[in-house]
Every structure is written in C-alpha cells, then in structure tokens.
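S.K.: generate coordinates for the sequence data below:
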Amino acid sequence: MASAESSSSLASSASSGAAALESLARSRYRSRRAVVFRRLVHHKGAVAGFIIAVALIITALAAPIIATHDPIETTRNTFAPPSRANLMGTDNFGRDIFSRVVYGTRISLRMGIVAVLIGTTAGTLVGLIAGHYGGMTDMIVMRVIDAMMAFPGILLALTIAAVLGTGLTNAMIAVGVSWIPQFARLVRGNVLQVKAMPYVEAARSIGAGNARLMARHVFPNVTTPILVLSTLGIASAILIGASLSFLGVGAQPPTPEWGAILNQGRQYMRQAWWVMTFPGIAITITVMAANLLGDGLRDALDPRMKI
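M.R.: The predicted structure is shown next:
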C-alpha cells in the first residue's frame, strides 16, 4: 500500500515538474516573441523585403485589374517598344509584356510557395522521424537524404521534372522534392538537440508517447529554423522554377511565366531587348525581397545578433 502511494506521489511530482518546465518554456517563448518582433521591425532589410513582398502579393491578387491587356492575346503589333499603350512593349506575337509580367507574378509566387510547402512538409516529417527514433531508422533515412544532396538543387529538380514530364504542376513538384533534403537535415539536427532537453525527458518519464512528444514538445521548438529556411527557400524555388521554364521543362507557352517569357525572348534580345529585360527584373526583385525578408528573420531570431 505504501509502495503504491509512493509511486503515485512520484508520478504526481514528475507530472507537476513537467508542467512547470513547460509553463516556464512557454513564458520564455512569449517574451522572446516580443523581442523578435521588435528586432524585426528595426531591421531595414526585412522591412524592405516585407514591403516588396506585400506589393507582389497585391499585384498577384489584383492582376486582372492591374493588367492593361489579355496576357495571351496576340496582335499584329509585334515588337512594339515600351509606350503608353504597351508599358513594357510587346513580344513577337504582339502580346503585351506588362500584362504578361503582372500575371506571371501569380504563377511565380505560387511556384515558390507550393514548392516550399512540399519541401517543408515532407522534409519536416522525415527529419522528425529520423531525429526522434534514431538508430537504424535514422541511418537509413539520412543515407537516402545524403544521396539526394549529392545532386545540386537545380540538377535534381531538372531530373525529376524530366521524369514527371513538362508542365507547371510537375515543375512545382520537382522543385518541392529537391528541397526535401535541406529541411530534413535541418529538422533532424534540431530534434537531436531538443529531445535531450529536461522538459522532454520529464514528459517521457510520465509516459508520453512518441507521437505526443513529437507533436507537443519537439516540433514547436524546431519551428523557428524551419520558418527561416522556408522564407529563404521561396526565393530559390522561384529562381529554380523560372530556370526549369527557361529550359523548356516547366511552364509551357503561352503561359505567362517569367522563365518561359525569358526563353521565348532570348532569340530576340538584340532586336527587342524589352522582351527579356522586364521579366528578368521581376525575377530579380522577387528573389531579392524573399532573401531580404529571410535574412531579417534569421538575424532577428538569432540571440547573438544585435540590431
């Protein structure tokens, strides 16, 4: 009887200790969130990236209002230079470049976001499983990830796109799969650190199962690096997606995708410089905005940085 009471007392003590540790962790997390927000607001690069990103999102949502022409409508006014009627000129089919660039914002942002969502979801799940279970599971998973990382991202995406076939959807899947190794390695490394923390050990000691440990105690504490890599990954995903379209395995004509527009206009670069210049500027601005925002998040979330 005394033994049962002692065991019950120990379990209750462990439970209250785990609750106290978790409460302390949450309190620190809330205070750190306020510090991160303040540092992010004072980071000039992050603010600039955020403003550009908002402008791009508004452009994508309001494309039918902003565009002055149908992006795929052909006319006889071919290779017209920039003017009031055609702000960025026309291409070899007489299509308005400005309208195609505006509608291309939708496609490129969707490419970056969907691809990163695929990479984040699959890579996070793989990293959680490998880091939490360890042993043979970790070894097998990480050897597969190492084999994928042996290929440069653009080459891996190009290979996958070639296997799946041409098209925008297949290009998004290919870019997303190429990002799985980066997320998997990042999450695994952070899980190995987090699962050795006292509150995780306390939760395990009171009988928390693997699913509960990963969902409630491990995953919330590895979201910060995932957020930073996701923001930076959008820039790379847009760039790789445009590269696939430029190489002919991504979006296909007459889809107004920036990389596809570059591919169509490269042979007319001397005759009509505007066909390639404006979509190239759009890609540059978008990638720069995502990188600025990602760098700002990384600096704001790093306690060693002083902004």
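S.K.: might you list the low-confidence residue ranges for the stretch 151-300 of the chain?
M.R.: Of all residues in the stretch 151-300 of the chain, those with pLDDT under 70 make up the ranges 198-201, 203-205, 207-210, 212, 215, 217.
S.K.: which stretches of the chain form helices?
M.R.: Secondary structure of the chain (DSSP state H): helices at 2-41, 44-61, 63-66, 97-133, 135-149, 153-164, 168-178, 180-194, 198-205, 210-212, 223-246, 258-265, 274-301.
S.K.: and these as CSV, adding mean neighbour count and distance to D91?
M.R.: Where you see a C-beta, it was placed from the backbone N, CA and C, and this is true even at glycine. Below are the helices of the chain laid out as CSV (neighbours: other Cβ atoms under 10 Å; distance: least, Cβ to Cβ, whole Å):
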stretch, mean neighbour count, distance to D91
helix 2-41, 12, 40
helix 44-61, 16, 20
helix 63-66, 13, 18
helix 97-133, 22, 6
helix 135-149, 14, 38
helix 153-164, 18, 25
helix 168-178, 23, 19
helix 180-194, 21, 36
helix 198-205, 18, 58
helix 210-212, 12, 54
helix 223-246, 23, 15
helix 258-265, 25, 6
helix 274-301, 20, 5
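S.K.: to T74, which of the ones you listed lies closest?
M.R.: Closest to T74 of the helices of the chain, according to Cβ to Cβ: helix 97-133, at 11.7 Å.
S.K.: centre of the chain to that closest one, how far?
M.R.: Counting by Cα atoms, centre = their mean, to the nearest Å, helix 97-133 is centred 5 Å from the centre of its parent chain.
S.K.: which strands or helices does that helix pack on?
M.R.: Helices and strands touching helix 97-133, by 3 or more Cβ pairs under 8 Å, 6 or more residues apart in numbering; DSSP states H and E, are helix 44-61, helix 63-66, helix 135-149, helix 168-178, helix 180-194, helix 223-246, helix 258-265, helix 274-301.
S.K.: out of the ones you listed, nearest to T124?
M.R.: Taking those one by one with Cβ to Cβ, helix 180-194 is closest: 5.1 Å.
S.K.: circling back: now for the helices and strands packed on helix 97-133, which one comes closest to L125?
M.R.: Closest among the helices and strands packed on helix 97-133, once you apply Cβ to Cβ, is helix 180-194, at 8.5 Å.
S.K.: how about that closest one as PDB, C-alpha atoms only?
M.R.: Coordinates of each C-alpha in helix 180-194 appear next as PDB, following Å, rounded to 0.1, in the frame of the first residue of the first chain:
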ATOM      1  CA  ILE A 180      13.200  18.000 -49.000                       C
ATOM      2  CA  PRO A 181      16.900  17.100 -48.100                       C
ATOM      3  CA  GLN A 182      17.600  20.600 -46.800                       C
ATOM      4  CA  PHE A 183      14.600  20.600 -44.500                       C
ATOM      5  CA  ALA A 184      15.100  17.000 -43.400                       C
ATOM      6  CA  ARG A 185      18.700  17.700 -42.300                       C
ATOM      7  CA  LEU A 186      17.800  20.900 -40.600                       C
ATOM      8  CA  VAL A 187      14.900  19.400 -38.600                       C
ATOM      9  CA  ARG A 188      16.800  16.300 -37.700                       C
ATOM     10  CA  GLY A 189      19.700  18.300 -36.300                       C
ATOM     11  CA  ASN A 190      17.400  20.500 -34.200                       C
ATOM     12  CA  VAL A 191      15.300  17.500 -33.000                       C
ATOM     13  CA  LEU A 192      18.500  15.800 -31.700                       C
ATOM     14  CA  GLN A 193      19.100  18.900 -29.600                       C
ATOM     15  CA  VAL A 194      15.600  19.400 -28.400                       C
END
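S.K.: start the count at 297 instead of 1 going forward.
M.R.: Yep, numbering from 297; the last one is helix 476-490 now.
S.K.: what's the angle between it and helix 393-429?
M.R.: Between the direction of helix 476-490 and that of helix 393-429, the angle (axes from the mean of the first three to the mean of the last three Cα atoms, to 10 degrees) works out to 40 degrees.
S.K.: so what touches helix 476-490?
M.R.: Contacting residues not belonging to helix 476-490 are listed as 414-416, 418-420, 422-424, 426-428, 434, 437-438, 441, 444-445, 496, 513-514, 517-518, 521-522, 525, 529 [Cβ atoms under 8 Å, 6 or more residues apart in numbering].
S.K.: equivalent analysis for stretch 563-572, please.
M.R.: Residues outside stretch 563-572 that contact it (Cβ under 8 Å, 6+ apart) are 375, 377-378, 384-385, 387-388, 393, 557-558, 560-562.
S.K.: now do the end-to-end distance for stretch 515-523.
M.R.: Distance between the two ends of stretch 515-523: 12 Å, counting by Cα to Cα, to the nearest Å.
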